[in-house]
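K.L.:
sequence-free structure coming up:
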């Protein structure tokens, strides 16, 4: 069993890459057109989807990427590009989508994209869980521990997303629109940074 310092280090790593606090503005912006009664379902579905995706990467992600001959940094670059495209819709899109457009379908869609992916199960999170459960370096018991820590961080993420309702009642639609624009800029910067780090990883550009 790993000692406490290793457990704490892995928990902090997973907290940073999953970023429960940073997911909240994305959730608020993405669910602005969804009735309040449906937002809890969106939050639960998003966290469950993210858990399944990350768990799949823990179990078979390394084998699949190696089998396809794909570099982990290439995966990070692709995820950064997807995140950047979503950031553009937050910056230039309407402050609130068309009035309550097909609430059920919209709820199902935004739960998967962009809340579950790439916000919660981000390329960085996928990359991190693969590295933290490297089959060549860590035992099965260690990988189970890492999976439990990931589940703990996702549980905290769910609690934070469930608090989005009261936050929305305080800031209103205007506040949500402002947050959408501001967070769009921040997400764009995060996406560019992910792409640059991926390019550094594969040696296209030098470290900066």
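P.N.:
Perfect, I can see it now. Everything numeric in this text was worked out from a predicted model, so none of it was measured. Numbers count the residues shown, from 1 in each chain.

K.L.:
Look through the chain and tell me its longest helix.
P.N.:
Counting residues, the longest helix found in the chain (DSSP state H) is helix 164-201.

K.L.:
Contact partners for the most centrally placed residue in the chain?
P.N.:
The chain has residue 120 as the residue nearest its centroid, 2.1 Å off, counting by Cα atoms, centre = their mean. By Cβ atoms under 8 Å, 6 or more residues apart in numbering, the contact list for residue 120 reads 18, 23, 46, 47, 50, 154, 157. In this view, the C-beta of every residue, glycine as well, is placed from N, C-alpha and C.

K.L.:
shouldn't the first one be in contact with residue 157?
P.N.:
Right, the one you point to is residue 18. Yes. If you go by Cβ atoms under 8 Å, residue 18 and residue 157 touch, sitting 6.4 Å apart.

K.L.:
Let's test this: name the helix or strand in this protein with the lowest mean pLDDT.
P.N.:
helix 103-110 (a mean of 64; mean pLDDT, DSSP states H and E).

K.L.:
Can you name every helix or strand that the next helix or strand after that one contacts?
P.N.:
Downstream of helix 103-110, the next assigned helix or strand under DSSP states H and E is helix 123-132. Other elements packing on helix 123-132 under the criterion 3 or more Cβ pairs under 8 Å, 6 or more residues apart in numbering; DSSP states H and E are helix 4-18, helix 36-56, helix 72-92, helix 140-162.

K.L.:
please redo it, this time with the cut-off set to 7 Å
P.N.:
For helix 123-132, the elements it packs on are helix 4-18, helix 36-56, helix 72-92, judged by 3 or more Cβ pairs under 7 Å, 6 or more residues apart in numbering; DSSP states H and E.
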